[in-house]
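> Give me a 3D structure for the following:
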Amino acid sequence: EAYPPADDRLFDEDATGVEEKKEKSDDEFLGSWAELTAAMEELVNNKSEVSDFIQSLQEDRDTLKSQVSKLNSCIAKMESTIAQREVDLEKLHERFVACSEEIGHLEDVL
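Just a heads-up that it's a prediction; the model follows:
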């Protein structure tokens, strides 16, 4: 027996300290893991919300494109109608001038 007997009390205190540190480290890890999991779930939810929002924007864009196309068609029809009305107005003006001249001749005759 060259070595003195082991002091069980010191060994137990050291082991308890190591155990407490391990438990604290495990608790911190589990807490961090829970936070990471919650953050990942939030990201997944946000991704879903963003995807839904993008889909909604694409639908709105398609609707707007359709409405712009309809408006352009209406504008083209209106421009065509205006051009036709201008031709009709020019013809009416020519008839008015011709009638005015005819009235002037008739007044001269009377």
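
> quick one, helices of the chain?
Assigned by DSSP state H, the chain shows helices spanning 8-109.

> Okay, now the unreliable bits of the chain?
For the chain, residues meeting the criterion pLDDT under 70 lie at 1-23.

> do you know how far the most centrally placed residue in it is from residue 51?
The centre of the chain sits closest to residue 57, judged by CA atoms, centre = their mean, with a distance of 4.1 Å. As judged by CB to CB, to the nearest Å, residue 57 and residue 51 stand 11 Å apart. (Glycine included, C-beta is placed from N, CA and C.)

> likewise residue 96?
Plainly put, residue 96 is 66 Å away from residue 51 if you go by CB to CB.

> try residue 71
Taking CB to CB, one finds residue 71 at 30 Å from residue 51.

> cool, residue 75 as well?
In terms of CB to CB, residue 75 sits 36 Å off from residue 51.

> For residue 73, the count of nearby residues, please.
10 (other CB atoms under 10 Å).

> and what of residue 32?
10.

> next one: the one 4 residues further on
Here the neighbour count serves as a burial measure; for residue 36 (other CB under 10 Å) it reads 10.

> swap in residue 101?
For residue 101, using other CB under 10 Å, the count is 10.

> same question, residue 39
10.

> for residue 56, same thing?
Counted by other CB under 10 Å, the residues lying close to residue 56 total 10.

> ditto for the one 4 residues further on
Counted with other CB under 10 Å, the burial measure for residue 60 works out to 10 neighbours.

> ditto for residue 110
5.

> how close does it get to residue 97?
For residue 110, the distance to residue 97 - CB to CB - is 21 Å.
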